[in-house]
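1. here you go, sequence then predicted model.
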Amino acid sequence: MARMNERVKEMLAAKKTIILATSTSDGEPNVVPIHSKNIIDDETILISNQFMGKTLANLRANPKVAITFWDKIEGYQIKGDCTYETSGKLYEETAAFVEAYGKSINYPLSSKGILLIKITAIYNVSPGPHAGEKIA
Ligand SMILES: Cc1cc2nc3c(=O)[nH]c(=O)nc-3n(C[C@H](O)[C@H](O)[C@H](O)COP(=O)(O)O)c2cc1C
């Protein structure tokens with residue numbers, strides 16, 4: 001496992017949208033934008049499934065995911081192993097939050113399940129001399 005430092009957590013928490021990549025078991029990539037995410041602890045990220053199609057099918061066949069997010073020219077790439085849960089305290093809390101958020105924007109939203117991503121590696125993707133460096 002790898003741990004997010006304070007800067008990575010700060011940026012991940014602040015970004016409205018992040019990018020989630022999955023792939024089929026035979027390597028066909030898929031990438032989607034994601035709003036509903038949360039930091040569980042230094043090595044775990046939660047993403048809520050409202051609309052996933054190919055993403056969820058991919059996860060069931062291949063739990064390896066990658067996430068990226070950036071602000072101006074500072075960016076990070078996180079790799080991890082994903083499990084999927086449709087019950088339990090974290091799911092119930094997420095479902096309540098997503099539903100309330102949907103109401104607040106007058107757009108019905110319902111969480112079908114949660115992705116729990118255990119971080120295996122973190123890379124700097126900012127352009128410049130440190131691009132691609134592993135930081136955790
Ligand atoms: C800005 C934005 C934010 C989104 N956030 C989420 C999200 O938090 N959860 C989710 O399940 N889908 C979200 N979606 C929808 C997914 O990006 C995507 O449409 C869905 O996973 C279906 O694509 P797939 O079949 O490749 O999985 C969002 C889409 C956009 C444009």
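-> Now that the structure is in, tell me what you want to look at. Numbering: from 1, shown residues only.
2. just the buried residues of the longest helix seen in the chain, please?
-> As assigned by DSSP state H, the longest helix anywhere in the chain is helix 89-104. For helix 89-104, burial by neighbour count (16 or more other CB atoms under 10 Å) applies to 91, 94-95, 98, 102. Every C-beta, even on glycine, is put in place using the N, C-alpha and C of the backbone.
3. that helix packs against which elements?
-> When contacts are defined as 3 or more CB pairs under 8 Å, 6 or more residues apart in numbering; DSSP states H and E, helix 89-104 packs onto strand 44-49, strand 113-124.
4. and the next helix or strand past the first one?
-> I take that to be strand 44-49. Counting by DSSP states H and E, the next helix or strand C-terminal to strand 44-49 is helix 54-61.
5. now that following helix - C-alpha only, PDB.
-> Provided in PDB are the C-alpha atoms of helix 54-61 (Å, rounded to 0.1, in the frame of the first residue of the first chain):
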ATOM      1  CA  LYS A  54     -18.400  -0.200 -18.500                       C
ATOM      2  CA  THR A  55     -16.500   1.100 -15.500                       C
ATOM      3  CA  LEU A  56     -18.300  -1.400 -13.100                       C
ATOM      4  CA  ALA A  57     -18.100  -4.300 -15.600                       C
ATOM      5  CA  ASN A  58     -14.400  -3.600 -15.800                       C
ATOM      6  CA  LEU A  59     -13.900  -3.500 -12.100                       C
ATOM      7  CA  ARG A  60     -15.600  -6.800 -11.700                       C
ATOM      8  CA  ALA A  61     -13.200  -8.400 -14.200                       C
END
